[in-house]
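*Asks:* below: sequence and its predicted model.
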Amino acid sequence: MNRVNVDGVDWDETDRSEQVGWRRKRLAAAAGGDDLGCSLYELPPGKRAWPYHYHAGNAEALYVLSGEGTVRHADGTTPIRAGDYVALPAGEDGAHRVVNDAEDVLRYLAMSTMRDPDVLVYPDSDKVGAMGGAPPGGTGERDVDAYFRRDDAVDYWDGEDG
């Protein structure tokens, strides 16, 4: 058994723009977890987390610890608040983005299976991402970590002999 206390884990901060930014503590990684990921997120008022996306190979879940916000998902948007658990299956039905449209910090746990490789899909920008060597959220070095617009797709045999 490996145990870690949240107070002993450093924050990683991401500040992409006025609208996108968060703080994150990688709890599972700090405890040596390999098959199940778990991170504590703090999303400030007016901020959004990761772009709207889904994973082809990994399921995710959210558990709201405090605050309020909104989850954009495949069927629209749903308000979330402390005590809510949100299951996000692999595939298009699990598409999501967390938004803090409230006045206080939104704190939640984000959990995921840690399957490697994975393919990510970003419906708003019509992009596809491929990861291999370390799962999404993982800390290892990746052999593949690439993102492409779907329009960039080529035929399987393009550039190949015969």
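*Replies:* Received the coordinates, thanks.

*Asks:* need the strands for this structure, in chain order.
*Replies:* Secondary structure of the chain, counting by DSSP state E: strands at 12-15, 21-26, 36-43, 54-55, 60-66, 68-73, 76-81, 85-88, 96-99, 106-113, 118-122, 127-132, 144-149.

*Asks:* distance of the most centrally placed residue in the chain from Val105?
*Replies:* For the chain, the residue nearest the mean C-alpha position is Trp50 (6.1 Å; CA atoms, centre = their mean). Per CB to CB, to the nearest Å, Trp50 is found 17 Å from Val105. Yep, even glycine has a C-beta here, placed from its N, CA and C like the rest.

*Asks:* winner for burial among the strands of the chain?
*Replies:* strand 54-55 (a mean of 24; mean count of other CB atoms under 10 Å).

*Asks:* what is the mean pLDDT for it?
*Replies:* Looking at strand 54-55 alone, the average pLDDT works out to 98.

*Asks:* quick one: residues contacting Glu141.
*Replies:* Gly133, Ala134 (CB atoms under 8 Å, 6 or more residues apart in numbering).

*Asks:* what's the spacing between it and Ser39?
*Replies:* 19 Å.

*Asks:* cool, Arg72 as well?
*Replies:* In terms of CB to CB, Arg72 sits 19 Å off from Ser39.

*Asks:* ok, how many other residues are close to the residue lying closest to Ala134 once chain neighbours are set aside?
*Replies:* Of all residues not flanking Ala134 in the chain, Gly140 sits nearest, at 3.5 Å (CB to CB, 6 or more residues apart in numbering). The number of residues packed near Gly140 is 11, by other CB atoms under 10 Å.

*Asks:* show the pLDDT at Gly140.
*Replies:* 83.

*Asks:* give the bridge partners for Tyr108, please.
*Replies:* Following DSSP bridges, Tyr108 is listed with bridge partners Tyr41, Val64.

*Asks:* please report how far it lies from Arg72.
*Replies:* 15 Å.

*Asks:* same deal with Asp35?
*Replies:* Distance from Asp35 to Arg72, by CB to CB: 28 Å.

*Asks:* please apply the same query to Trp11.
*Replies:* 25 Å.
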